[in-house]
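Peer 1: Predicted model follows, preceded by the sequence.
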Amino acid sequence: MSRTAEEQANLDLVMGLFSDVLNPMDSGAVDRFIAADYIQHNQSVEPGREPLKAFLDMIREQTPEAVHDVKRAFVDGDHVTVHYHVRRWPGDLGWAVIDIFRIEHGRIVEHWDVMQDVIEGGPNPNSPF
């Protein structure tokens, strides 16, 4: 299945968010990716760009070695979905995360996410990735 030019641009925008903002936890780069009237659905973070910057700064201070290891990404029109592994420090089992982003006019305008702990053992031998 081929992507439209708009879909490719949307996917590139979100992957740039991961490389330039989320992995380095660089709140200074947020404005390049996130719209001023950003709608946040993560109930731990207030809506808007400035609360997102403050959240990133807090996370960077608490877990400076955190990584966001993207496993797969999908684009459908103005939505991009990313499945990735967050590890807060070396040796951390971390979280399996799925983010859904909605893009308008070259900026992320809306975000949803779901997370689950990565565990060892348990009844299911399949990895969440």
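Peer 2: Looks like it came in fine. Note that the structure is a prediction, hence the values are computed from the model and not measured. Numbering: from 1, shown residues only.

Peer 1: give me the low-pLDDT residue ranges for this protein?
Peer 2: Applying pLDDT under 70 to the chain picks out residues 1.

Peer 1: ok, the spatially most central residue of the chain to residue 129 distance?
Peer 2: Nearest to the geometric centre of the chain sits residue 99, at 5.4 Å (C-alpha atoms, centre = their mean). Between residue 99 and residue 129 the computed distance is 15 Å (C-beta to C-beta, to the nearest Å). Backbone N, C-alpha and C define where each C-beta goes, glycine included.

Peer 1: before we move on, what about residue 5?
Peer 2: 30 Å.

Peer 1: name the element the residue nearest to the centre of the chain belongs to?
Peer 2: strand 95-104 (DSSP states H and E).

Peer 1: and the next helix-or-strand element following that strand with strand 95-104, angle?
Peer 2: Tracing the chain past strand 95-104, the next element assigned as helix or strand by DSSP H and E is strand 107-117. Interaxial angle of strand 107-117 relative to strand 95-104 (axes from the mean of the first three to the mean of the last three C-alpha atoms, to 10 degrees): 160 degrees.

Peer 1: Quick check: closest non-adjacent residue to residue 68.
Peer 2: Leaving aside its chain neighbours, residue 68 sits nearest to residue 22 (4.8 Å; criterion: C-beta to C-beta, 6 or more residues apart in numbering).

Peer 1: if I read this right, the one you found contacts residue 67, doesn't it?
Peer 2: No - if you go by C-beta atoms under 8 Å, residue 22 and residue 67 don't touch, sitting 9.2 Å apart.

Peer 1: Neighbour count for those two, which is higher?
Peer 2: residue 22 (23 against 16; other C-beta atoms under 10 Å).

Peer 1: for the more buried one, phi and psi?
Peer 2: Backbone torsions for residue 22, taken as degrees, to the nearest 10, come to phi -70, psi -40.
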